[in-house]
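In: Predicted coordinates and the sequence they were generated for:
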Amino acid sequence: MTLLAVNGLHKSFGGVVAARDVTFTVARGEMFAIIGPNGAGKSTVFNMVGGQLEPDRGQMLLDGQDITHASPQKRFRRGVGRTFQVAQTFLSMSAAENVQMALISCYRQSNGLWSPARDRHREKALELLSRVGMAEAADVPCSALAYGDVKRVELAIALAGQPKLLLMDEPTAGMAPRERAALMDLTASIAESQGIGVLFTEHDMDVVFGHAARVLVLLRGQIIASGTPDEVRQDEQVRRAYLGDEHALERPKGMSPA
Amino acid sequence: MDPAFLAVQALSGLSSASSLFITACGLTIVFGVTRIVNFAHGSLYMIGAYTAATLVPRLLELSFGPVTFWAGILASALIVGVIGVIIEVLLLRRIYGAPELFQLLATFGVVLVVQDLVVQVFGPQDILGPRAPGLRAPVEILGRRFPSYELVLIAAGPIVLGLVWLLLRKTRFGVLVRAATQDRDMVASLGVNQALLFTGTLFLGAFLAGLGGALQIPRVSANTGMDLSIIAEAFVVTVVGGMGSVPGAFLAALIIGQLQAFGILIFPKSTLVVVFLLMAVVLAIRPYGFFGRAEVIGGTHAVGIASRTPLPGRSLILLVVVAILAAFPLVADAYLLKVATEILIFALFAFSLQLLIGVGGIVSFGHAAFFGLGAYGAALAVKWYGVSMEAALPLGLALAALGAALVGAFVVRLSGIYLAMMTLAAAQILYAVAFQWVEVTGGDNGIVGVWPSPWAGGPVPYYLLTAALTVVTVLLLKRIIDAPFGYSLRAARDSEARAEAIGLKVRQHRWLAFTIAGAAAGLAGGIYAFSRGSVDPSLLGISTSVDALTMLLLGGIQTVMGPLVGAAVLHALRDWIMPLTSLWRLLLGLSIIAMVLIFPRGLVGTVRDRWEARA
Amino acid sequence: MTTPLLEVWNLCASYGRAQVLFDLTFRLHQGEVLALVGRNGAGKTTTLKAIMGLVSASAKQATFKGKSLAGLPTYKIARLGLGYVPEDRRIFTDLTVEENLETGRRPAPAGRSPWTPERLFRLFPNLAEMRGRRGNQMSGGEQQMLTIARTLMGNPDAILLDEPSEGIAPVIVQMMAEAIRAMKAEGVAVLLSEQNWAFAAGISDRACVIERGEIRFQGSMDELMADEALRAETLGV
């Protein structure tokens, strides 16, 4: 069942095309990875889906509703949650307050001027934290948590909005090798149990091939392959894209620089 | 209209544009490389004027002639350049990485220090410089007389532009300065000693400020108010032109010169208003000025207040504080009560600013605007409509809230240094209105006869009224800070991207915060007006804004209650020390600088850290 | 082997609390090309930045020509003779080609003929035709040549070269390879961070395979070429 349908997305900066006719779909409960070398357009596509960038052309449907021109705030209300490449949390607040903040926004109480924020939705926040294994650290200031734990808190924040679609920009970047698989296992189990579609970019191929159901490969803004991890791994074009154009150096010594 | 009159107006517009450009050019070059908005640039300009006005006549006594005159001007500018180097080495290079609020405050500290030093060195009286030899006779332009020195000034702007252009284009220093303006780290990676480059840049910037000031001596006498009046205009020029852009500054100076020359025909009372309105319009359309770039500007943002577990006996503490405040009149005399009343008023004022800076990360440099609006609102209501204090205070508050809502609508689109400049500009517009709209506001003299209702008259009742209003408002604001709204502000301050991703409407929240903070400042201003019985434009001035910022800094930006303590300490010190010395501003300036350099967490913050470290 | 030009041991670095480098130890000798290879995000770029003092290394122990780099500001590291070409090129786009070269100029050590714009234009003929052009009007490949030329203007003994082939047309990559060989011929050592395996393999003497911030393999390029299993696992080649 299709959750997110991205159709013919196009974006250029100045004369440089960062995304060209990008089309794909993500289903409920599916882990979907976008990969490609640096500068291939992953972030561009990702930020267009997240609402940080406006596409030049194309369309995005979430659950059949057009979200192409929706602001990040509106996308949140429609059911898009996200995590960032460098975890974005509220460092002046405790882990629980971070999640409470997301719940407060979710229930449209962010303009409340009277009763204290620290008492609102605390139970629900603790429940979300325990789901990512962070219940014990609920009252620790976010600024005092280890980075891997901050990433988990961020996941709990993203889940607080009861998303249908979860966007994760390089979810394991900056984490110690051991923590990576654990975080992705956790994400996968939550996604599956709640039917959340997960769209993520990733550099760590173990994470991609170990956790994605489908993989999309971008090169210079264009899709060069998509399919199951095995299909993508076998793809000749992908091998070249990732490992460089071997033909570039066919005659290493015979050609003068002209 | 008479074409000759128009021509002369246009020419005088060009000559003030030239003067303005020469000064602003230095400011923008320094900003481009160091990313510091140097408040003290106006002080360097003033030193240039004083130095030239003192030096040039002595040189002319030795040998009278144009060469001596111009050599004296140049020498004055060089001396100012050296002073700029001293400031860079002693202060600026220590704060390149500091939050921009601290940078602005520290350089404002230099402004205060220089103000007192100038009086010490050059004496309190204004100094009129000599007229330029060979340029004493006016020239005729379409039948009207026009000072020939002004024509030289008109030429000076483009000449300086040309020389600066040559310096930046044709010398290695210039190439490196332009490279560093774009990417400082990369320049360092190429083996360039940044420290030296920055010092050189400060020399150039200070030299230009000094030159700008020295060139003024035949036109205006050197006076102690020049620093703040030129810095306000120079800020507008650099911001409108785009911070760091020399051609932008030239274009902006040209436009502003003409606006001033012809604005006088439209708004004879307030040319400043026209200038700042231009800035407001330009920033509303182009948030980075004509040629500015969208980029990370200034230092890192100050970290504000963080969540803490509530103190166990806080209701008890509150009760004790209220009891002490209530019992104070039993032991204090009228003078002490007056001091205490003012402390309470400024505590409320500083606390309202804390909502913006400490909670919201919105570095407002013009919070006096709302304090002054509240004071003027109340005073005008009394003067023109004869209303009582009970009605005037809410009216003042409402006027301040309205003003804040209007200004807020502009500034929440901006960030960092541009936001600070825009709020400063807003305050300066109001200052200019209060100063120049004499029929309504009484101009420089202000409005007198603003007395409280009989029941609140007298030191004790008015003190009690002030204490009650302050305590209630502070508690209300504290409530707001702890409520979801305050948390949302902090969320947007900590991570704007995350705040948006969880659906928070960041701009809307910031706008509301601006309005609430403005209203609270307005209440403080209204109470202040009735406590003194009068208002005057200085309530809206830069110094009042900086007072509030200093209280915040002194108390500690990372603490909720810091501003209250900061207000008490600063006001008490001022009351105690000011009568003892004529160098109060020097002391205050040095204290601000010292706090930024060695004590950035403030009194409450430092005490709390010690206490927590021990626990 | 002679004493190493650049020696790095137990290098660790973090971004905030995220540790990205774990105890890297390697050496670079004079006139040698050492490739740091590994996947995107493995920590290659951070390694170069940490050596230059551009990211704070938690435990930097590095010497260059026998002098410790610990605690030195970036410009002093550069002045020792260590050039740096960042991955995102970072030419000064408001400056012309000639002005960009000027920013990099430093005197050559005694007894070595300095790099001049003219010599560099012979190495990169494309640049010669656009000496007055501003950086923002150049293509990616031209910008890349310019950053290398700019760094050579400092007459370095060694260059840290970050992803020179990235996003660049094959013909330019070819020229880049020529340039690196020319530098090597001049006795300049190159520490290359590279994703493009074929490119790295074509010009490097030795290689370090970096994976998740750790060194997985260190040895000659020939050894790495021979070890297909390792390459498949760590580089996917």
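Out: Received the coordinates, thanks. Please read these numbers as outputs of a predicted model, since none were measured by experiment.

In: From here on, just use CA atoms for contacts and neighbour counts.
Out: Will do.

In: Might you enumerate the residues of chain B proximal to chain A?
Out: B:305-307, B:479-480, B:482-488, B:490-491, B:494-495, B:497-498, B:500-505, B:509 (CA under 8 Å from any CA of the partner chain).

In: The same query, at a cut-off of 6 Å, please.
Out: Proximity of chain B to chain A (CA under 6 Å from any CA of the partner chain) is limited to residues B:306-307, B:480, B:482-485, B:491, B:494, B:498, B:500-503.

In: Among the residues you listed, which are located in helices?
Out: B:480, B:482, B:484-485, B:491, B:494, B:498, B:500-501 (DSSP state H).

In: mind giving me CSV with these and columns for pLDDT?
Out: Formatted as CSV, those follow (pLDDT from 0 to 100):
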residue, pLDDT
B:480, 95
B:482, 94
B:484, 96
B:485, 96
B:491, 94
B:494, 90
B:498, 92
B:500, 92
B:501, 92
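
In: follow-up on the earlier one: let's have the residues of chain B next to chain A in CSV, adding neighbour count.
Out: Output for the residues of chain B next to chain A, formatted as CSV (neighbours: other CA atoms under 10 Å in any protein chain shown):
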residue, neighbour count
B:306, 19
B:307, 16
B:480, 23
B:482, 20
B:483, 23
B:484, 27
B:485, 27
B:491, 28
B:494, 24
B:498, 24
B:500, 21
B:501, 30
B:502, 28
B:503, 24
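
In: which of those lies closest to residue A:233?
Out: Nearest to residue A:233 among the residues of chain B next to chain A is residue B:501, at 33.3 Å by CA to CA.

In: Where does the prediction get shaky in chain A?
Out: A:15, A:38-39, A:174, A:176-178, A:240-258 (pLDDT under 70).

In: nearest spatial neighbour of the residue of it found nearest chain B, skipping sequence neighbours?
Out: In chain A, no residue comes nearer to chain B than residue A:73, which is 3.8 Å away by CA to the nearest CA. With CA to CA, 6 or more residues apart in numbering or on different chains as the measure, residue B:503 is the residue that lies nearest to residue A:73, at 3.8 Å, once sequence neighbours are left out.

In: just residue A:5 next, same as before
Out: residue A:25 (4.5 Å).

In: wait, is that neighbour part of a strand?
Out: Yes: Residue A:25 forms part of a strand when assessed by DSSP: H, G, I helix; E, B strand; the rest coil.

In: wait, it sits on residue A:7?
Out: No: the pair residue A:25 / residue A:7 is not scored as a contact, 8.4 Å apart, by CA atoms under 6 Å.

In: picking up where we left off before, what about the residue of chain A closest to chain B, how many residues nearby?
Out: 20 (other CA atoms under 10 Å in any protein chain shown).

In: Show me chain A divided up by domain.
Out: A:2-79+A:163-247, A:92-162 (automatic domain parsing).

In: chain center to the first one: distance?
Out: The one in question is domain A:2-79+A:163-247. 7 Å (CA atoms, centre = their mean, to the nearest Å).

In: Now residue A:167: which helix or strand?
Out: Using DSSP states H and E, residue A:167 sits in strand A:165-169.
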